[in-house]
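> Got a predicted model here, sequence first, then my questions.
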Amino acid sequence: MRRAYFKTSWIAALLLAPQLLIIFVFFYWPSAQAVYWAFTLEQPWGGGNTWVGFDNFRNILADPYYWSSVRVSVIYAIAATALAMGMSLILAMFVDRQLAGYKAYRVALIWPYAIAAPAVGLAFRFIFNPNAGIFSYVNTVIPGLWDPTQIGWQALVTIILAGAWKHVAYSFIFFLAALQSIPRSLTEAAAMDGARPLRRMIDLQLPLLTPTVFFLFVINITDSFTDSFGIVDTLTGGGPFHATDLMVYKIYSDGFRGFDYSGAAAQSIILMVLVMALTFVQFRYVERRVHYT
Amino acid sequence: MAEIAIRNAGKTYGKTTIMQGINLDIRNGEFVVILGPSGCGKSSLLRMIAGLEEISSGEIAIGGQVVNQLEPRERGCAMVFQNYALYPHMTVGENIGYALKVARMPKAERLAKVAATAQSVGLTEFLDRKPGQLSGGQRQRVAMARAIIREPKVFLFDEPLSNLDAKLRVQMRHEIRRIHNQIHATSVFVTHDQHEGMTLADRLVVMNKGTIEQIGTPEEVYEHPASVYVAGFIGSPAMNFLPGRVDDSRAAVVLDDGQIIPLMSAIRPAAGQLVQIGLRPEKLSLAPLGGGALTARFDFAEELGSGRLYHLKIEDVPISVMAAEKHSFGEGQTIGLRFPNDAVHVFDGASGLRLDLHPAPTAAMVPA
């Protein structure tokens, strides 16, 4: 670990200030504001907030729509993470084995990460459109089979696919870097020991990838909970009938469409605590199974 | 166990040819060392035998079977890598037993075998450790054990000692030879260290720029180097070379400064042929002026404890002399240089090839 020491502390403070300022303006301040709103209720036409204690939280936790939102978020987070990591691992292994054309698709696979979530959502909206999209073909075979605007689980599948697709690029970069940092001679030694490529992958590459798998797992899960707004907003708008109403999207729609700032603030506090708890659990319990070499 | 036959093997990457015309027969149970500087193609040759690199032309056969198209696992070779290539997430025991596990040997039998092998290389108390907790020498032993346990037909060593410190290197060198003497598997050992080559090899293969310069026992290679390249590569300090021209009698060589070196009768170069005279530093000795076949200018001496390394010059050509006697000559003093007649190596000036192995074409036509 490299450390720098400063003789005068004001230099250190000066260097830290820009970052601290950004964190303060965009995290601590809004968070504090959210905490304030979560424990108060705004007058209907302005005119100050009334302290209501935990009432907002009680209302949310008693709301079946909220619990349905939690359930959908968990399904989305797990499915999108598993899909994104699985796909990116397979793709990274192909690239690492230098199958034909790997240089071209190594670049191509990184691009999706540069696309903004709403654009991804819009693209997938075209693809999955039941009337005009590529997927609408299934409706010409069996009419009415595919319609994510009407059928809840299909809408959920749609946002999972779009979310996973966007995350493949990020995970792919990390997996590829990790695979390429495994010394070639290790694979060769295993080949001499009689292990075939699939066996080498299971016995050698995957165990050596566990630090990367763990890191990507934490990042992907957290991102699925907090960074899925753009995809939901453009693709399904939370519908049909709350089927894709992820927690982060419900905060937005309750707050800015339903004008229930206090309820939305309470939900965001819950989401924040949930993500922090998840990360803590992951580091505390999952990391123990990770081999660092 | 098996013999290895390499027939006209070559290796190209794209348009660059890095190795060609390799012919080598390795006998069953023989310990062959491939020696050469880095980049000479020795590791590539080893990896071609192992199956880790494709053979671009020619063929390689192990135990009579051509292996060009076989996967590494089908060739019956075990390899010890330069960086050991131990599996970092497995214990020492798991590392050693991995090949058996892949081969689906029953667990009890496998563990017994791992224990026996670990015992034979002195690793018994480290079986549960991870490679990261071992010293360099211990890792080397694990790599050896991992190769031994498979009872391979052929052992391949890719500069396995180059990451060890000098003392450990000598110790492991003895260990490798001891193991070889026990199990007598055909072994191919690649190194750039001539001491390793000389001490380990039944036969040495000296490579240079993708071709084989000489194949022979260490003694043959030292006593009768086939070319200027081999002569300069084998031996420490390196052999001295003096350029000269064969005189009209064809029985002596005239050096550039006019001094004359008589030739042994076995060597019959053409008159006027340009040659390189090779003299090993350890075959030379110093004498006062007029006391030797050549005269040279004294430069300086290095103390080696067991003897001294004297640096001289003939014209501008530096000459080193390794001798046990202590002389005290002054810098610039002209002195005599003595050597036995059979210490003179003669190489062709243009091709660098040894003349008594490769007589000049005209020599055979002229009666001696």
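Yep, that arrived.

> From B:I4, how far out is A:I90?
Noted for A:I90: a distance of 39 Å to B:I4, by Cβ to Cβ, to the nearest Å. To be clear about C-beta, it is placed using only N, CA and C from the backbone, and glycine gets the same treatment.

> higher neighbour count, those two?
B:I4 (23 against 13; other Cβ atoms under 10 Å in any protein chain shown).

> List the contacts of that one.
By Cβ atoms under 8 Å, 6 or more residues apart in numbering or on different chains, the contact list for B:I4 reads B:L24, B:D25, B:I26, B:I49, B:I60, B:A61, B:I62, B:V154, B:T186, B:V188.

> which of those count as buried?
Among the contacts of B:I4, those classed as buried by neighbour count (16 or more other Cβ atoms under 10 Å in any protein chain shown) are B:L24, B:I26, B:I49, B:I60, B:A61, B:I62, B:V154, B:T186, B:V188.

> Bridge partners for the residue nearest to the second one when sequence neighbours are not counted, pull those for me.
Closest residue to B:I26 apart from its sequence neighbours, by Cβ to Cβ, 6 or more residues apart in numbering or on different chains: B:I4 at 4.1 Å. When bridges are taken as DSSP bridges, the partners of B:I4 come out as B:I26, B:I62.

> And for B:V317?
B:I314.

> Output the buried ones among the contacts of B:I4 in TSV; the columns should cover pLDDT.
Listed next are the buried ones among the contacts of B:I4 as TSV, based on pLDDT from 0 to 100:
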residue	pLDDT
B:L24	92
B:I26	93
B:I49	93
B:I60	93
B:A61	92
B:I62	92
B:V154	91
B:T186	92
B:V188	94
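
> where are the low-confidence patches of chain A?
Residue ranges of chain A with pLDDT under 70: A:1-4, A:6, A:44, A:288-293.

> Name the residues of it found near chain B, please.
Residues of chain A that fall close to chain B, judged by Cβ under 8 Å from any Cβ of the partner chain: A:183, A:185-186, A:188-196, A:199, A:203-204, A:207-208, A:291, A:293.

> tell me what the lengthiest helix in chain A is packed against?
Of all the segments assigned as helix in chain A under DSSP state H, the longest by residue count is helix A:64-96. If you count contacts as 3 or more Cβ pairs under 8 Å, 6 or more residues apart in numbering or on different chains; DSSP states H and E, helix A:64-96 packs onto helix A:102-110, helix A:152-180, helix A:206-226, helix A:247-252.

> Give the buried residues for it.
Within helix A:64-96, the residues that count as buried by 16+ other Cβ under 10 Å are A:66, A:69-70, A:72-74, A:76-77, A:79-81, A:83-85, A:87-89, A:91-96.

> now stretch A:233-244
Buried residues in stretch A:233-244 (16+ other Cβ under 10 Å): A:D233, A:T234, A:L235, A:T236, A:G237, A:G238, A:P240, A:H242, A:A243, A:T244.

> looking at the helices and strands packed on helix A:64-96, which is closest to B:R146?
helix A:206-226 (17.2 Å; Cβ to Cβ).

> which residues touch the longest helix along chain B?
In chain B, taking DSSP H as the definition, the longest helix is helix B:166-183. Here helix B:166-183 makes contact (Cβ under 8 Å, 6+ apart) with B:31, B:120-121, B:136-137, B:140-141, B:144, B:148, B:151, B:155, B:157, B:160-161, B:164, B:187, B:189, B:196, B:199-200.

> Show only the entries of those found in strands.
Mapping those onto strands (DSSP state E) picks out B:F31, B:F155, B:F157, B:S187, B:F189.

> now those residues in JSON lines, with neighbour count, distance to chain A and pLDDT?
As requested, these are arranged in JSON lines below (neighbours: other Cβ atoms under 10 Å in any protein chain shown; distance: Cβ to the nearest Cβ, whole Å; pLDDT from 0 to 100):
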{"residue": "B:F31", "neighbour count": "22", "distance to chain A": "19", "pLDDT": "94"}
{"residue": "B:F155", "neighbour count": "23", "distance to chain A": "11", "pLDDT": "92"}
{"residue": "B:F157", "neighbour count": "26", "distance to chain A": "12", "pLDDT": "93"}
{"residue": "B:S187", "neighbour count": "27", "distance to chain A": "15", "pLDDT": "93"}
{"residue": "B:F189", "neighbour count": "27", "distance to chain A": "16", "pLDDT": "95"}
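
> Identify the farthest-apart pair in those.
B:F31 and B:F157 (9.7 Å).

> Identify the contacts common to the two.
In contact with both B:F31 and B:F157: B:S187, B:F189, using Cβ under 8 Å, 6+ apart.

> okay, now A:R97: neighbour count?
A:R97 has 12 nearby residues by other Cβ under 10 Å.

> wait, I meant B:G272
10.

> and what of B:P88?
Neighbours of B:P88 using other Cβ under 10 Å come to 18.

> Tell me the spacing between it and chain A.
Separation of B:P88 from chain A (Cβ to the nearest Cβ, to the nearest Å): 4 Å.

> A:P211 is in contact with that residue, correct?
No: B:P88 lies out of contact with A:P211 (Cβ atoms under 8 Å); the separation is 11.8 Å.

> got a list of what A:I151 touches?
Contacts of A:I151 by Cβ under 8 Å, 6+ apart are A:P240.

> where does it fall, phi/psi-wise?
phi -100, psi 120 (degrees, to the nearest 10).

> buried residues in stretch B:145-160?
B:145-150, B:152-160.

> on that earlier part again, how far is the longest helix of chain B from where the chain is centred?
16 Å (Cα atoms, centre = their mean, to the nearest Å).

> So what angle separates the directions of that helix and strand B:154-158?
In terms of direction (axes from the mean of the first three to the mean of the last three Cα atoms, to 10 degrees), helix B:166-183 departs from strand B:154-158 by 170 degrees.

> so for helix B:166-183, what's the average pLDDT?
Averaged across helix B:166-183, pLDDT comes to 88.

> rewinding a little: closest one to A:Y285 out of the buried residues of stretch B:145-160, please.
Among the buried residues of stretch B:145-160, and counting by Cβ to Cβ, the member closest to A:Y285 is B:R146, at 34.1 Å.

> and the closest residue to that closest one other than its chain neighbours, what is it in contact with?
For B:R146, ignoring the flanking residues on the chain, the nearest one in space by Cβ to Cβ, 6+ apart is B:I96 at 5.2 Å. Counting by Cβ under 8 Å, 6+ apart, B:I96 makes contact with B:V114, B:T117, B:A118, B:L123, B:L127, B:V142, B:A145, B:R146, B:I149.

> could you pull out the helices for chain B?
Under DSSP H, chain B gives helices at B:42-50, B:92-102, B:107-120, B:136-148, B:166-183, B:194-200, B:218-223, B:228-233.

> Using JSON lines, lay out the ones you listed together with distance to B:S351.
Shown next, in JSON lines, are those (distance: least, Cβ to Cβ, whole Å):
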{"stretch": "helix B:42-50", "distance to B:S351": "22"}
{"stretch": "helix B:92-102", "distance to B:S351": "47"}
{"stretch": "helix B:107-120", "distance to B:S351": "48"}
{"stretch": "helix B:136-148", "distance to B:S351": "40"}
{"stretch": "helix B:166-183", "distance to B:S351": "34"}
{"stretch": "helix B:194-200", "distance to B:S351": "23"}
{"stretch": "helix B:218-223", "distance to B:S351": "18"}
{"stretch": "helix B:228-233", "distance to B:S351": "9"}
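
> For chain A, what's the nearest residue on the stretch 101-250 of chain B?
Chain A sits closest to B:V102 of the stretch 101-250 of chain B, with a gap of 4.5 Å, by Cβ to the nearest Cβ.

> which non-adjacent residue is nearest that residue?
A:G194 (4.5 Å).

> follow-up on the earlier one: and the helices of chain B: which comes nearest A:L14?
Of the helices of chain B, nearest to A:L14 by Cβ to Cβ is helix B:136-148, at 46.7 Å.
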